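Student: No letters, just coordinates:
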């Protein structure tokens, strides 16, 4: 495998979360981990284009980054304490207890979702460190400006340092209070992979795959937690449609997808998990989202979708999550029951003018009621607000079809 710059960056992106997890676990410092990871990328960019990507790129990056981290520690003014820590962490015979979470990356997810940080701050920081998401991608997930998100992440790191929050192995008693944060991180990592917000590939399968892998481990660890089961079901039912979601470089909306191209093995597994949640009967956000996806994947054609059930599930979800995003998705479903005019009235009152999906939904509804000039403006706004190449291609096509 040749190691051109694009190949190096792709491999580094795939390995970033595992690399940071390893470095933070060994050295216990976020800044050292990020700096060492960055230096390892520079070293890879210098070496790999000529020599090719090594057979074990993750191991190469980990060794290189660890060496850079140890060099940084040795240069630090607090030399004595830090050198002792470096010696301890670089000793292959030393092994910390893993606690109830054996997977390195999942364990660090629980470690970073420390209750000393505000919920959004801990989720954003963990997405940056372990998800490998850029600040811009995280900002998009939270619908805030990039500068605002950068400040949140910086403040979170400062609080960890000033409060001396330990990167200790989470005990069983820590899992419950940190679970919601871990689930949010896995959900957002998956979403970024399923519809990437950056300038690269429209789908990042390494992110969707890793989110599902960690969710499976989490489900094995906490099989009685219905929200864990619900998240795994949601990710599987969504992933089942991935191959049919992009065609000829364009996004294919749910109603236009070739359902023969869906992964029906994943669908069966997802439906079984939804039934597990129903048996427990403690509904939560991810369980309801999974149930909505179960309704969609149960319909043999788009015309057979039980939209009344979908709206009823969104009504139930609204009681738990009153976010504008949920209201937007509910309104899209309402359009199938009560018509585009009713849905448009619901969408117009939502504070989502900076969100591309809000503009795209408005464009579609305006198109359906014959207000083509306004629809064209909304398609333009949606195109301007997204960097996903497949989504931009789809929106451009729909705009071009307007009379």
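Tutor: Arrived safely, thanks for sending. Source: prediction; values computed, not measured.
Student: most centrally placed residue in the chain?
Tutor: Within the chain, the residue whose C-alpha comes closest to the C-alpha centroid is residue 189; the distance, by C-alpha atoms, centre = their mean, is 1.5 Å.
Student: buried set for the helix or strand harbouring that residue?
Tutor: In this structure, residue 189 sits in helix 172-194 according to DSSP states H and E. Residues 174-175, 178-179, 181-194 are the ones in helix 172-194 that count as buried (16 or more other C-beta atoms under 10 Å). The C-beta positions use only the backbone N, C-alpha and C, and glycine is treated the same way.
Student: likewise stretch 55-66?
Tutor: Within stretch 55-66, the residues that qualify as buried are 57, 60, 61, 62, 64, 65, 66, counting by 16+ other C-beta under 10 Å.
Student: tell me the contacts of the last one?
Tutor: Spelled out, it's residue 66. If you count contacts by C-beta atoms under 8 Å, 6 or more residues apart in numbering, residue 66 has them with 22, 23, 26, 36, 90.
Student: Can you give me the neighbour number for residue 5?
Tutor: Burial measure for residue 5: 11 neighbouring residues, criterion other C-beta atoms under 10 Å.
Student: was I right about it contacting residue 46?
Tutor: No - distance between residue 5 and residue 46: 10.7 Å, which falls outside the contact criterion (C-beta atoms under 8 Å).
Student: and the next element down the chain from the lowest-mean-pLDDT helix or strand in the chain?
Tutor: One helix or strand of the chain scores below all others by mean pLDDT, DSSP states H and E: helix 79-90, with a mean of 46. Towards the C-terminus, the helix or strand next in line after helix 79-90, according to DSSP H and E, is helix 104-112.
Student: what residue ranges in the protein score low on pLDDT?
Tutor: Residues of the chain meeting the criterion pLDDT under 70: 1-4, 6, 25, 28, 30, 76-102, 130-132, 163-170, 198-200.
Student: Now do the strands in it.
Tutor: In the chain, strands defined by DSSP state E lie at 246-247, 250-251, listed in chain order.
Student: Pull the residues that contact the first one.
Tutor: Around strand 246-247, the neighbours that count as contacts under C-beta under 8 Å, 6+ apart are 202, 203, 252, 390.
Student: now do 10 Å
Tutor: 195, 201-203, 252, 256-258, 261, 388-391, 393-394 (C-beta atoms under 10 Å, 6 or more residues apart in numbering).
Student: One more: the last one?
Tutor: For strand 250-251, contacts defined as C-beta under 10 Å, 6+ apart pick out 195, 202-203, 245, 360, 386, 388-398.
Student: Can you list the strands that that strand pairs with?
Tutor: Its sheet considered, strand 250-251 pairs with strand 246-247 (antiparallel) by DSSP bridges.
Student: how much distance is there from the strand it pairs with to the middle of the chain?
Tutor: For strand 246-247, the distance between its averaged C-alpha position and the chain's averaged C-alpha position is 21 Å (C-alpha atoms, centre = their mean, to the nearest Å).
Student: Stretch 46-59 too?
Tutor: Mean C-alpha position of stretch 46-59 versus that of the full chain (C-alpha atoms, centre = their mean) differs by 27 Å.
Student: Stretch 189-199 now?
Tutor: Its chain's C-alpha centre lies 7 Å from the corresponding centre of stretch 189-199 when counted by C-alpha atoms, centre = their mean.
Student: May I see the buried residues of stretch 247-256?
Tutor: 250, 251, 252.
Student: same check, this time on stretch 22-29
Tutor: By neighbour count, with 16+ other C-beta under 10 Å as the criterion, the buried positions of stretch 22-29 are 22, 23, 24, 25, 26, 27, 29.
Student: any idea how far residue 66 is from the last one?
Tutor: Distance, residue 29 to residue 66, by C-beta to C-beta, to the nearest Å: 13 Å.
Student: Pull up the overlap in contacts between those two.
Tutor: Residues touching both residue 29 and residue 66 (C-beta under 10 Å, 6+ apart): 23, 36.
Student: How much space separates residue 134 from residue 260?
Tutor: When C-beta to C-beta is the yardstick, residue 134 and residue 260 sit 36 Å from each other.
Student: Then residue 196?
Tutor: Relative to residue 260, residue 196 is positioned 25 Å away (criterion: C-beta to C-beta).
Student: The two: who's more crowded?
Tutor: Counting neighbours by other C-beta under 10 Å for residue 196 and for residue 260 shows that residue 196 has the greater number, 21 against 7.
Student: re earlier: and of the strands of the chain, who's closest to residue 337?
Tutor: In this view, the strands of the chain are compared for proximity to residue 337 by C-beta to C-beta, and strand 250-251 is the closest at 24.1 Å.
Student: For the closest residue to residue 372 other than its chain neighbours, grab phi and psi.
Tutor: In space, and not counting its chain neighbours, residue 372 is closest to residue 402: 4.7 Å by C-beta to C-beta, 6 or more residues apart in numbering. Per-residue torsions, residue 402: phi -70, psi 140 (degrees, to the nearest 10).
Student: Could you pull up the residues touching residue 402?
Tutor: Under the criterion of C-beta under 10 Å, 6+ apart, the neighbours of residue 402 are 363, 366, 367, 371, 372, 373, 375, 376, 379.
Student: Just the buried residues of the residues you listed.
Tutor: Among those, those classed as buried by 16+ other C-beta under 10 Å are 363, 366, 367, 371, 375, 376, 379.
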